[in-house]
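Asks: got a structure for you, letters missing:
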């Protein structure tokens, strides 16, 4: 969703729980193949306020009202599971894996937001 915001797309939807929740709710599914329609599209950074440049990030690291949230897996954060050019995390980055917000007992829908917000605040994200 952040990527869409940076590209200037402000109208989007999020399917809470994805296909697992859709199926758990016994919603209709299409099984026929659909051929995509080709188009010409060039992504551009239209909303630069939603991103940060490296120099600005370096200047803000360590400030009390600034935090970097690393939502990747523990292994990626620790640098033991390298899926990017370099392993590890940005200094002072706070780790809270995005999957922790999912309710494994409710078709992977997002858990109660009050609980998630409390957990985020506990690790230093507000």
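Replies: Done, it's in. Note that the structure is a prediction, hence the values are computed from the model and not measured.
Asks: Distance of the nearest residue to residue 71 once chain neighbours are set aside relative to residue 2?
Replies: In space, and not counting its chain neighbours, residue 71 is closest to residue 98: 4.1 Å by CB to CB, 6 or more residues apart in numbering. Placement of C-beta: from N, CA and C, glycine included. In this view, residue 98 and residue 2 are 12 Å apart by CB to CB, to the nearest Å.
Asks: Equivalent analysis for residue 12, please.
Replies: Residue 12 sits 11 Å away from residue 2, going by CB to CB.
Asks: Next: residue 41.
Replies: As judged by CB to CB, residue 41 and residue 2 stand 19 Å apart.
Asks: doesn't residue 75 fall inside a helix?
Replies: Yes - counting by DSSP: H, G, I helix; E, B strand; the rest coil, residue 75 is found in a helix.
Asks: Isn't it up against residue 88?
Replies: No - Residue 75 is beyond contact range of residue 88, at 10.6 Å (criterion: CB atoms under 8 Å).
Asks: What ranges does this structure have for its strands?
Replies: Remark: strands assigned in the chain by DSSP state E are 69-70, 94-95, 102-103, 109-110.
Asks: What are the buried residues along stretch 52-68?
Replies: Buried residues in stretch 52-68, defined by neighbour count with 16 or more other CB atoms under 10 Å: 67-68.
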